[in-house]
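**Student:** with the sequence up front, the predicted model follows.
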Amino acid sequence: MPNENMREPIKVIIADDHVLYRAGVKTALSAKKDVKVIAEADNGMHLLNMLKMIQPDVILLDIQMPIMDGITALPEIKKLYPEVRVIMLTMMDDHSMITKLMEIGANSYLTKTSDSEIIYEAIKTCFEQEYYFNSLTNKALLTNLKQRNDAMPQRMVQQEAQLNEKEILILKLMCEEKSTKEIADIVDLSPRTVEAIRDKLKVKTGAKSTAGLIMYAVKHNILDESH
């Protein structure tokens, strides 16, 4: 197993038209050994051209930019580079916008007032676990789910999957943002078995991603049930 310190730093590109904001984030992240800002772009078009040459692990993508904004760039990035994690940056916390962006592939959503520790945390979490949820994303996803459920005729509501106790426990722990290894330690199984159960949960619930599983758990009040 390679030593943690030997690992390559997480490669980040910042796409934002505010030079000062980019400089601030870059300076803050330069103190971190495991993250490295490898390039900066000032709009979506510039970013897409850049991606032909260099491959980051994570992109910090501003929503409002001239020429090509983040909303237009996001589906393009996901289509061409599905492995790259994208964290959206914005001045607004518009619920319908957050849900729309999460549905077309955003891995997280931060306001530009977030401090550098939060940005660092989001980069690391998205890189390791695909998604970084915060009160903003959770609230938006919940509001959206509630609206959808209210609009759906009862017979269309997805049948609740039959989950056993271990599956429910693992689903709860995933919602608490625990890593596969942490879950494995808590439930006393190997990380590989936890992965297998997670895949089985996706099949049972019809969820396509980890975000989908968390949405399923919220929708069916699994988080409210006592352990």
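**Tutor:** Done, it's in. Model, not experiment: these values are computed from the prediction.
**Student:** where in the chain is the helix or strand with the lowest mean pLDDT?
**Tutor:** The helix or strand of the chain with the poorest confidence is helix 135-151; it has a mean of 71 (mean pLDDT, DSSP states H and E).
**Student:** next structured bit after that helix?
**Tutor:** Using DSSP states H and E, the helix or strand that follows helix 135-151 towards the C-terminus is helix 165-175.
**Student:** buried ones in that next one?
**Tutor:** Buried residues in helix 165-175, counted by 16 or more other Cβ atoms under 10 Å: Glu167, Ile168, Leu169, Ile170, Leu171, Lys172, Leu173, Met174, Cys175. For glycine as for every other residue, the C-beta is placed from the backbone atoms N, C-alpha and C.
**Student:** and for stretch 66-86?
**Tutor:** For stretch 66-86, the neighbour count (16+ other Cβ under 10 Å) marks Met68, Asp69, Gly70, Ile71, Ala73, Leu74, Ile77, Lys78, Val84, Arg85, Val86 as buried.
**Student:** mind listing which of those residues are in strands?
**Tutor:** Arg85, Val86 (DSSP state E).
**Student:** turn the buried residues of stretch 66-86 into TSV, columns for pLDDT and distance to His18.
**Tutor:** TSV is the format used below for the buried residues of stretch 66-86 (pLDDT from 0 to 100; distance: Cβ to Cβ, whole Å):
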residue	pLDDT	distance to His18
Met68	85	16
Asp69	83	13
Gly70	83	13
Ile71	85	17
Ala73	91	16
Leu74	93	19
Ile77	94	20
Lys78	91	24
Val84	95	22
Arg85	96	22
Val86	95	18
